[in-house]
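I need the structure of the sequence given here:
(one chain, ligands or ions: 2)
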Amino acid sequence: MFERLCIIGVGLIGGSIAKAARAEGLCKQVVALGREKNLPNMQRAVELGVIDAFYTDPAQAMAGTDCVIICTPVGSMQAIFEQLKPYWNSQTLYSDAGSTKGSVVEAARAVFGKVPSNFVPAHPIAGAERSGVEAAKVDLYKNRRLILTPLSSTDPRAVDQFNAFWRRIGSSVAIMSVEHHDTVLAATSHLPHILAFALVGMLGRKDEQREIFKYAAGGFRDFSRIASSDPTMWQDICLANKQEIIPLIQQFQAELNQVEHLLQNGDASALFETFSYAKQARQRFLEIFDDPT
Ligand SMILES: NC(=O)c1ccc[n+]([C@@H]2O[C@H](COP(=O)([O-])OP(=O)(O)OC[C@H]3O[C@@H](n4cnc5c(N)ncnc54)[C@H](O)[C@@H]3O)[C@@H](O)[C@H]2O)c1
Ligand SMILES: O=C(O)C(=O)CC1(C(=O)O)C=CC(O)C=C1
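Ligands and ions are numbered 1, 2, ... in the order given. Now for the predicted structure:
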């Protein structure tokens, strides 16, 4: 499919794309572009066989590259576009894996004046709380969703190419607007991460935290897993999508107030209704999650 795939940011997401693309024979060569401070991680990616070579010079990284996927934290995307601008090639396909799409599109617009037609914004709805190339998995995207958010100016052939690429590595591809993407992901990804960080932070600051954590079990482990996620990545995501996230935080505060009110009043039946509704809603989510078609 591609001669040379260049991944910028060979961490969990970029490393998993590289592994899957290689396993499916979607490119002859995979290279990485990074900064001096990314050298140990890129060196490790070569040792693990995730990439063939890496560069800190964009001219070298772009020579012979026909597909570029940017997999760095969303706050770094504008700097990456600046770095790529002198080498931007109309014959090359470009995409990203950022968790927010409005901010990435804005970053491209700020650098190029308009979003280049051969850049297709994308977001794999798969991941983990772990970071770095050591965490990369060849099957991370198998049976998971991948969202493309092309603009009206995006070249449909570029969209088709990335659609085919992600299908070949096992994802179910959905196409939606940038705005819809950011609204939906704020609810099911961004808000839950904020809640996990807030709860674990609150408990961590309590004097008796050792005692609390010592007796915590599976429930706390499940709820708190995502509070192990990378703070830089989540700082970038939350700031980039704050317009969508803040109203959800307000709704959630109202929801907590309502539960508090029911407890104050000892309203068992309303509490039962509240929990039953949520249990049914989670069942609906599980059915949709297990069948991402
Ligand atoms: N982790 C997830 O669950 C998940 C899921 C879907 C999408 N994403 C998105 O994918 C992207 C990468 O996330 P990740 O979990 O792979 O993070 P990661 O920390 O594992 O990898 C990011 C890599 O980018 C490198 N990097 C950072 N700034 C850079 C720069 N300016 N130039 C070059 N390299 C740079 C880092 O050294 C690191 O190797 C983020 O935009 C994130 O929002 C993450
Ligand atoms: O499973 C996890 O640990 C994740 O955080 C994955 C997760 C999410 O589900 O919120 C995180 C960020 C994304 O952009 C997409 C997926």
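
Next one: the most centrally placed residue in the chain, what pLDDT does it get?
Centroid-nearest residue in the chain: residue 99, 3.7 Å away (criterion: C-alpha atoms, centre = their mean). Per-residue confidence (pLDDT) for residue 99: 98.

What's the local residue count around the closest residue to it other than its chain neighbours?
Leaving aside its sequence neighbours, residue 99 sits nearest to residue 237 (C-beta to C-beta, 6 or more residues apart in numbering; 4.8 Å). (Glycine included, C-beta is placed from N, CA and C.) For residue 237, the number of neighbouring residues by other C-beta atoms under 10 Å comes to 25.

ok, now how distant is the residue nearest to the centre of the chain from residue 59?
29 Å (C-beta to C-beta, to the nearest Å).

cool, and residue 142?
35 Å.

And those two? Which one has more around it.
Legend: neighbour count by other C-beta under 10 Å for residue 142 and residue 59, higher for residue 142 (12 against 9).

Name the SS class of the closest residue to ligand 1 within the stretch 51-200 of the chain, please.
Using C-beta to the nearest ligand atom, the single residue of the stretch 51-200 of the chain nearest to ligand 1 is residue 127, 1.7 Å away. Per DSSP: H, G, I helix; E, B strand; the rest coil, the local secondary structure of residue 127 is coil.

any idea how far it lies from residue 19?
For residue 127 relative to residue 19 (C-beta to C-beta), the value is 14 Å.

So for these two, which sits in the more crowded spot?
Per other C-beta under 10 Å, whichever of residue 127 and residue 19 has more neighbours is residue 19, with 24 against 21.

Quick check: buried residues in the helix or strand of the chain with the lowest mean pLDDT?
Using mean pLDDT, DSSP states H and E, helix 209-214 stands out as the lowest-scoring helix or strand of the chain, at a mean of 85. Within helix 209-214, no residue counts as buried by 16 or more other C-beta atoms under 10 Å.

quick one: that helix to chain centroid distance?
31 Å (C-alpha atoms, centre = their mean, to the nearest Å).

So which elements touch it?
Under the contact criterion of 3 or more C-beta pairs under 8 Å, 6 or more residues apart in numbering; DSSP states H and E, helix 209-214 touches helix 191-205.

Just confirm yes or no for the helix it packs on near ligand 1.
No - residues of helix 191-205 are not located near ligand 1 by C-beta under 6 Å from any ligand atom, the shortest gap being 9.5 Å.

tell me the mean pLDDT for that helix?
For helix 191-205, the per-residue pLDDT averages 96.

Buried residues, that helix. List them.
191, 193-194, 196-197, 200, 203.

How about residues contacting that helix?
Applying C-beta atoms under 8 Å, 6 or more residues apart in numbering, the external contacts of helix 191-205 come out as 209, 212-213, 223-227, 229, 234, 237-238, 245, 248-249, 252.

Could you export it as PDB, CA atoms only?
Extracted in PDB, the C-alpha atoms of helix 191-205 (Å, rounded to 0.1, in the frame of the first residue of the first chain):
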ATOM      1  CA  LEU A 191     -14.900  13.300  31.300                       C
ATOM      2  CA  PRO A 192     -14.200   9.800  32.600                       C
ATOM      3  CA  HIS A 193     -10.500  10.500  32.700                       C
ATOM      4  CA  ILE A 194     -11.100  13.700  34.600                       C
ATOM      5  CA  LEU A 195     -13.300  11.900  37.100                       C
ATOM      6  CA  ALA A 196     -10.600   9.200  37.600                       C
ATOM      7  CA  PHE A 197      -7.800  11.700  38.000                       C
ATOM      8  CA  ALA A 198     -10.000  13.800  40.400                       C
ATOM      9  CA  LEU A 199     -11.100  10.900  42.600                       C
ATOM     10  CA  VAL A 200      -7.700   9.200  42.800                       C
ATOM     11  CA  GLY A 201      -6.000  12.600  43.500                       C
ATOM     12  CA  MET A 202      -8.600  13.400  46.200                       C
ATOM     13  CA  LEU A 203      -8.000  10.000  48.000                       C
ATOM     14  CA  GLY A 204      -4.300  10.300  47.500                       C
ATOM     15  CA  ARG A 205      -4.200  13.600  49.400                       C
END
